[in-house]
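[1] would you be able to build a 3D model of this:
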Amino acid sequence: MSDYIIRGTAAEDSIRVFAAVTTELVQKAHDAHNTSNVATAALGRLLTGGVIMGSMLKNSTDVMTLQIGCAGPIKGITVTVNAADDASHVDAKGYVINPDVEIPLKPNGKLDVSGALGAGILTVIKDMGLKEPFAGQTELVTGEIAEDLTYYFATSEQTPSAVALGVLMSPEGGKVLCAGGLIVQLMPFASDEVIDALEKRVSAMAPITTLLMNGLTPEEIVEGLFAPIDEAIDKGIIIQEKCVADTFIFTGMDVKINDHITTAFNCDCSKEKVSRAIRSIDKKDIEEMINDGKPISVNCHFCNTNYSFDVDELKAILAEKEEN
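    As a prediction, the model looks like this:
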């Protein structure tokens, strides 16, 4: 199943909901950077949150960058997303500064993403073609990324949100078993009853990776989350032991799925773009490369592709620079 995002509404459009499966996307990111399990989980969570947020962009030319600068051994993560011209696809690319980070598992046997990140700052930059890009910045509240994005939405965009992100890795490493995410947002006109019911539903929800591993699609997860509570429990979307008594009173929220958006890990780098970057540096520096008499290699951080330029190619770049 190819990766995709769905967008929908519930409770008479007073709730916006986004859900995604991103297993192939996260696997490709792992393969590009040969990341450790915990680095794959951290990068995969931010990529998943990023593509869901990318599906919220209004224009195809908008670009969003999510950056985490942190004190932990992973050192930092950067993700960039952009939408297709027809708003039917979202591309993402990203990397971690230290892809080889290894730390012990948590006592419950789960990957310790918060331990890999430590204290830090989350920055979200939206370039929407205006004079200056919009930038919002918040501290990492847990380092688990989902909670950090929830805090970002509340403080920087004043949008009450619930975020769930998950990446499940094979114990032996290297294989992404499943990855995905969910973002639910309240509109300003949501009633107190809807707000209360939604908070209880989300707090009693099973982990997103559990639902994906059980074979549920994003549509089924969303429809189940907003279904009558007995149905939600039967489908395993709501954990009965986490429900409080009055959760059962609410009968359903009339969910509607509006859009289906494909997504993938895709870097738009090319040798021509790298050539232009070399052409932009000082003439003296290019001449020194030529005088060394050896090919140079330029690496793309986002997809880890290396581009090689021999001396003749460097001379051609220098000639173009001089002509212009």
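[2] show me where pLDDT drops low in the stretch 151-300 of the chain?
    Low-confidence segments of the stretch 151-300 of the chain, defined by pLDDT under 70, span residues 244-252.
[3] which residue ranges of it form strands?
    In the stretch 151-300 of the chain, the segments counted as strands under DSSP state E, counting those that start in this stretch are 161-169, 176-186, 256-265, 296-299.
[4] elements contacting whatever helix or strand comes next after the last one?
    Scanning the chain past strand 296-299 towards its C-terminal end, the next helix or strand to appear is strand 306-309 (assignment: DSSP states H and E). Helices and strands touching strand 306-309, as assessed by 3 or more C-beta pairs under 8 Å, 6 or more residues apart in numbering; DSSP states H and E, comprise helix 271-279, strand 296-299. (C-beta placed from N, C-alpha, C; glycine too.)
[5] and Met56, which of the strands of the stretch 151-300 of the chain is closest to it?
    With C-beta to C-beta, the closest approach to Met56 among the strands of the stretch 151-300 of the chain belongs to strand 176-186: 8.5 Å.
[6] neighbouring strands - and their directions - for the closest one?
    Strand 176-186 has the following strand partners under DSSP bridges: strand 15-21 (antiparallel), strand 161-169 (antiparallel).
[7] show me which residues of that strand are buried.
    Of the residues in strand 176-186, those scored as buried under the neighbour-count criterion (16 or more other C-beta atoms under 10 Å) are Val176, Cys178, Ala179, Gly180, Gly181, Leu182, Ile183, Val184, Gln185, Leu186.
[8] how about stretch 141-156?
    By neighbour count, and taking 16+ other C-beta under 10 Å as the criterion, the buried residues in stretch 141-156 are Gly143, Glu144, Ile145, Ala146, Glu147, Asp148, Leu149, Thr150, Tyr151, Tyr152, Phe153, Ser156.
[9] distance to Gly8 for those - can I get that in a markdown table?
    Conversion of the buried residues of stretch 141-156 to a markdown table gives the following (distance: C-beta to C-beta, whole Å):
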| residue | distance to Gly8 |
| --- | --- |
| Gly143 | 29 |
| Glu144 | 25 |
| Ile145 | 23 |
| Ala146 | 19 |
| Glu147 | 23 |
| Asp148 | 24 |
| Leu149 | 19 |
| Thr150 | 19 |
| Tyr151 | 24 |
| Tyr152 | 22 |
| Phe153 | 18 |
| Ser156 | 24 |
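[10] show me where the chain has its helices.
    Secondary structure of the chain (DSSP state H): helices at 23-33, 37-54, 113-117, 146-156, 192-203, 208-213, 218-225, 229-234, 271-279, 283-292, 311-323.
[11] CA-only coordinates of the second one in PDB, if you can.
    Spelled out, that is helix 37-54. C-alpha atoms of helix 37-54 as PDB (Å, rounded to 0.1, in the frame of the first residue of the first chain):
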ATOM      1  CA  ASN A  37      16.500   2.400  14.900                       C
ATOM      2  CA  VAL A  38      16.100   5.300  17.300                       C
ATOM      3  CA  ALA A  39      17.300   7.800  14.600                       C
ATOM      4  CA  THR A  40      14.800   6.300  12.100                       C
ATOM      5  CA  ALA A  41      12.000   6.600  14.700                       C
ATOM      6  CA  ALA A  42      12.800  10.200  15.400                       C
ATOM      7  CA  LEU A  43      13.200  11.200  11.800                       C
ATOM      8  CA  GLY A  44      10.200   9.200  10.800                       C
ATOM      9  CA  ARG A  45       8.000  10.900  13.400                       C
ATOM     10  CA  LEU A  46       9.000  14.400  12.200                       C
ATOM     11  CA  LEU A  47       8.600  13.400   8.600                       C
ATOM     12  CA  THR A  48       5.100  12.100   9.300                       C
ATOM     13  CA  GLY A  49       4.100  15.100  11.200                       C
ATOM     14  CA  GLY A  50       5.700  17.200   8.500                       C
ATOM     15  CA  VAL A  51       3.700  15.700   5.600                       C
ATOM     16  CA  ILE A  52       0.400  15.900   7.500                       C
ATOM     17  CA  MET A  53       1.200  19.600   8.200                       C
ATOM     18  CA  GLY A  54       2.200  19.900   4.500                       C
END
